[in-house]
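Engineer: Can you look at this prediction? I've put the sequence above it.
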Amino acid sequence: MLSGEVRIFGTHHDKDVTVSVLKPGDFFGELALSGPHLRVVSAQATAETTLSVIRPAALRELVAEPLVWQVIERMGDRINDVEQHFEKLRAKDEIRLEHLSQLLQWHSKEGSGLRPF
């Protein structure tokens, strides 16, 4: 980013959740340089913003050594794998919390003394 401000956000329960706010000198979209990856967050300029764009082909020219490019691609793959794993864990946690809430509601109706929080 050359100037301005960009908000990085995701969606949780159909609501936007800000992950970070970027300032000049920051960058985003770096995973797109290492190959096609599933995007789990979005970017939105929150002020007039000037960006510099680096295309994958231009980066390949800057990083002429094939081994270095392979490392960059592999790092992108690993980051993407971790993000997908965390997303699956978050989804499982939501399911578990819903089951726990239902269980607590059932117990409260049965007079067990347990109450939902």
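Structural biologist: Now that the structure is in, tell me what you want to look at.

Engineer: Only C-alpha atoms from now on, for both contacts and neighbour counts.
Structural biologist: Will do.

Engineer: Could I get the contacting residues of the spatially closest residue to G4 that is not a sequence neighbour?
Structural biologist: Nearest non-adjacent residue to G4, counting by Cα to Cα, 6 or more residues apart in numbering: T49, 4.0 Å away. Each residue near T49 by Cα atoms under 8 Å, 6 or more residues apart in numbering is listed here: 1-6.

Engineer: mind checking how far T49 is from H13?
Structural biologist: Going from T49 to H13 by Cα to Cα, to the nearest Å gives 29 Å.

Engineer: One more: P66?
Structural biologist: To H13, P66 is 42 Å away according to Cα to Cα.

Engineer: can you check G29 too?
Structural biologist: Distance check for G29 against H13: by Cα to Cα, it reads 24 Å.

Engineer: In this model A43 seems to touch R7, though I could be wrong.
Structural biologist: Yes. The criterion here is Cα atoms under 8 Å, and R7 meets it with A43 at 5.6 Å.

Engineer: re earlier: more neighbours, G29 and H13?
Structural biologist: Between G29 and H13, counted using other Cα atoms under 10 Å, the more crowded position is G29 (13 against 7).

Engineer: Show the pLDDT at that one.
Structural biologist: With respect to pLDDT, G29 has a value of 86.

Engineer: Likewise for H107?
Structural biologist: 69.
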